[in-house]
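**Student:** Sequence plus the predicted model coming up.
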Amino acid sequence: MFDLPLLPKVVPIGAILFSFLFLLVSIPLEAYILNSVLKFDKRTSSFYAICMNLFSNVVGWIIFFWIEPFLSIRLRTSLMNLIFFDQILPSMINLMILTAFIVFFGTFVVKSLILRLALISMTDFWKRQDESDAQKVLSRREFKMRLQTKNIFTNVLIANALSYTAVVLILFLIIRIV
């Protein structure tokens, strides 16, 4: 009578908690990198770190649920063993390492694009300027934007690597304890 057919009978609590753990570890680390290296204030760097991580997490889950139906039965079975039982088949270790690299660089690209879009949307880019000063400011602005683009991509890569390293270290500690 009160069946809820939309709710799953089995919930992957481990995967959900790992996602929260990843966010709780990566947001402060990346906010610290944005604050110390890119010289954002603490509030702005926290905002950008939250935006980058939440949006990349959502994009990652969307891509996962989009790709999952196309996986072979063998891959689905090993994925379910990993998610529900924390068991890794020895034959899947190479594929997991390859997937980890793809996920790392995929999140790096997504985070870089999100930070770039956030910076563009938060600036006074559309503010009107005088015609005489426009050319000087444009050439200086282009130089600063090129310099800042390299700086942003490098620092997002460093922040992403730092957060992934911290999460992997925590996972290794959890595996050794359990």
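**Tutor:** Looks like it came in fine.

**Student:** Number of residues surrounding Leu75?
**Tutor:** Leu75 sits with 13 neighbouring residues when counted by other Cβ atoms under 10 Å. Using the backbone N, CA and C atoms, a C-beta is placed for each residue, glycine as well.

**Student:** got a list of what it touches?
**Tutor:** Neighbouring residues of Leu75 by Cβ atoms under 8 Å, 6 or more residues apart in numbering: Met92, Leu95.

**Student:** how much space is there between it and Glu30?
**Tutor:** To Glu30, Leu75 is 31 Å away according to Cβ to Cβ, to the nearest Å.

**Student:** For this protein, just list every one of the helices.
**Tutor:** 13-36, 42-67, 73-85, 93-122, 131-177 (DSSP state H).

**Student:** Kindly reformat the ones you listed as TSV containing mean pLDDT.
**Tutor:** Below are these laid out as TSV (pLDDT from 0 to 100):
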stretch	mean pLDDT
helix 13-36	89
helix 42-67	90
helix 73-85	82
helix 93-122	88
helix 131-177	73
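
**Student:** what sits against Thr44?
**Tutor:** By Cβ under 8 Å, 6+ apart, the neighbours of Thr44 are Leu34.

**Student:** rerun at 10 Å
**Tutor:** By Cβ atoms under 10 Å, 6 or more residues apart in numbering, Thr44 lies in contact with Ala31, Leu34, Asn35, Leu38, Ala118, Leu119, Met122.

**Student:** I'd like to know how far the spatially closest residue to the first one that is not a sequence neighbour sits from Leu115.
**Tutor:** With Cβ to Cβ, 6 or more residues apart in numbering as the criterion, Ala31 has its nearest non-adjacent residue at 3.8 Å, and that residue is Ala49. In this structure, Ala49 and Leu115 are 9 Å apart, going by Cβ to Cβ.
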